[in-house]
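*Asks:* 3D, please:
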Amino acid sequence: MSMPELRSAGTSEVLDEHGEAAVSKKIEGRSPWRLAYERLRTDRAAKIALGTILVIVLLALLAPVFAKILGHGPNQQFIDIGENANGGPVPPSGTFWLGTDNNGRDLFIRILYGARVSLVVGVLATMISVVLGTVLGLAAGFIGGFTDTVIARLIDVMLSIPFLILAISIAYVSGPSLWLVIAIIGVLSFTYPARIVRGQVISIKGREFIEAARALGASPWRIMFIDLLPNVMAQVIVYASLLIPLAIVLEASLSFLGVGVPPPTADWGQMISDASGYYQYGYWWFLFFPSIALLITTLSFNIFGDSVRDALDPRGAGIYV
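*Replies:* Now for the predicted structure:
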């Protein structure tokens, strides 16, 4: 009579009657980042949103290719065929896929070039905001004392000033430009990641692994950037994914008000501003297509950011099993 199969304690090997390994299956540990990735990979909304973002990025990169194929530059005016008898835009056609704007320019080509501006502003402004906010948040939370007081009061002052009014004032005084818009949005948006990082650092700086690092003689810089920073990266990544669409909307708002990216650079906010006086006369495409491009882009980033937040949230079901 054969002995029953025995499973050795603490292993995944199944032993037969001779004590030899019959089945060997390696137990693979999964890190929180791996678990978050697996959860994100099964999120249908996240996959659709990410696919949409990739398509938008691809179209933006291929904007010069489309301009060459169609023979329409982003700032090229077609007075004869790009305007109707009343001097207004012409509707979508085989020549102008999405119609023209009030200056007889190809709206499709300008929307593609406008995507370039929006994506550049969104990514670069977010990088500035996240880097600045993370460094200040780490310093305030870890060093504490006078440093924490100064940084916390600076954050409070910045949050008390209406963002849009301050941005408009700076852009109006300095003169509108693309790089100024990036700097304004990036610097003025550091307050939110700084507060998040500061709170997280305060909550974990008294834990055993930080005390052990101090006991081993680790410098404050090493503790901040080697021991503390990896433990707040999940929150930083989540906020960065949600800040990109906010930066895109802020850039479009500044351009809509005339203090953003200066013309004739193709910009969605400027297009929407130019179309505001035309749509009531039946030129619906002039307002619809730039608006829908802005809506799809920001909505895709927001949905993907929400999915990233759910995947990295340690309180979410199924992340730490």
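*Asks:* ok, how many other residues are close to Asn84?
*Replies:* Other residues within reach of Asn84, judged by other CB atoms under 10 Å, total 13. The C-beta positions use only the backbone N, C-alpha and C, and glycine is treated the same way.
*Asks:* Just to check, it is in contact with Val90?
*Replies:* Yes - if you go by CB atoms under 8 Å, Asn84 and Val90 touch, sitting 5.6 Å apart.
*Asks:* Return the set of buried residues in the longest helix anywhere in the chain.
*Replies:* Identified as the longest helix of the chain according to DSSP state H is helix 107-143. By neighbour count with 16 or more other CB atoms under 10 Å, helix 107-143 contains the buried residues 107-130, 132-142.
*Asks:* Provide a list of residues in contact with Tyr113.
*Replies:* Going by CB atoms under 8 Å, 6 or more residues apart in numbering, Tyr113 touches 60, 63, 67, 74, 265-266.
*Asks:* I should have written Ala45 there, sorry.
*Replies:* Counted by CB under 8 Å, 6+ apart, Ala45 has contacts 303, 306-307.
*Asks:* Against Leu216, how distant is the residue most central in space within the chain?
*Replies:* By CA atoms, centre = their mean, the mean C-alpha position of the chain lies nearest to Ile244, the distance being 2.9 Å. Ile244 sits 39 Å away from Leu216 when distances are taken as CB to CB, to the nearest Å.
*Asks:* go on, Gly133?
*Replies:* To Leu216, Gly133 is 29 Å away according to CB to CB.
*Asks:* likewise Leu159?
*Replies:* For Leu159, the distance to Leu216 - CB to CB - is 38 Å.
*Asks:* When these two are compared, which one has more neighbours?
*Replies:* Neighbours were tallied for Leu159 and for Leu216 using other CB under 10 Å; the higher tally belongs to Leu159 (12 against 8).
*Asks:* ok, the closest residue to that one other than its chain neighbours - contacts?
*Replies:* Leaving aside its chain neighbours, Leu159 sits nearest to Thr191 (5.4 Å; criterion: CB to CB, 6 or more residues apart in numbering). Applying CB under 8 Å, 6+ apart, we find Thr191 in contact with 133, 155, 158-159.
*Asks:* Swap in 10 Å and give it another go.
*Replies:* Thr191 is in contact with 129, 132-133, 136-137, 154-159, 163, counting by CB atoms under 10 Å, 6 or more residues apart in numbering.
*Asks:* ditto for Ser189
*Replies:* With contact set as CB under 10 Å, 6+ apart, Ser189 has these partners: 125-126, 128-130, 132-133, 158, 163, 167, 239, 243, 246-247, 250.
*Asks:* And the residues you listed, which is closest to Asp43?
*Replies:* Within the contacts of Ser189, the smallest distance to Asp43 is 18.7 Å, found for Tyr239 (CB to CB).
*Asks:* any idea how far that closest one lies from Phe78?
*Replies:* According to CB to CB, Tyr239 stands 44 Å off from Phe78.
*Asks:* which of the two has more neighbours?
*Replies:* Per other CB under 10 Å, whichever of Tyr239 and Phe78 has more neighbours is Tyr239, with 23 against 16.
*Asks:* Now do the host helix or strand of the more buried one: which elements does it pack against?
*Replies:* Using DSSP states H and E, Tyr239 maps to helix 229-256. Judged by 3 or more CB pairs under 10 Å, 6 or more residues apart in numbering; DSSP states H and E, the packing partners of helix 229-256 are helix 32-41, helix 107-143, helix 163-174, helix 178-188, helix 191-204, helix 268-275, helix 284-312.
*Asks:* Thanks again, I'm all set now.
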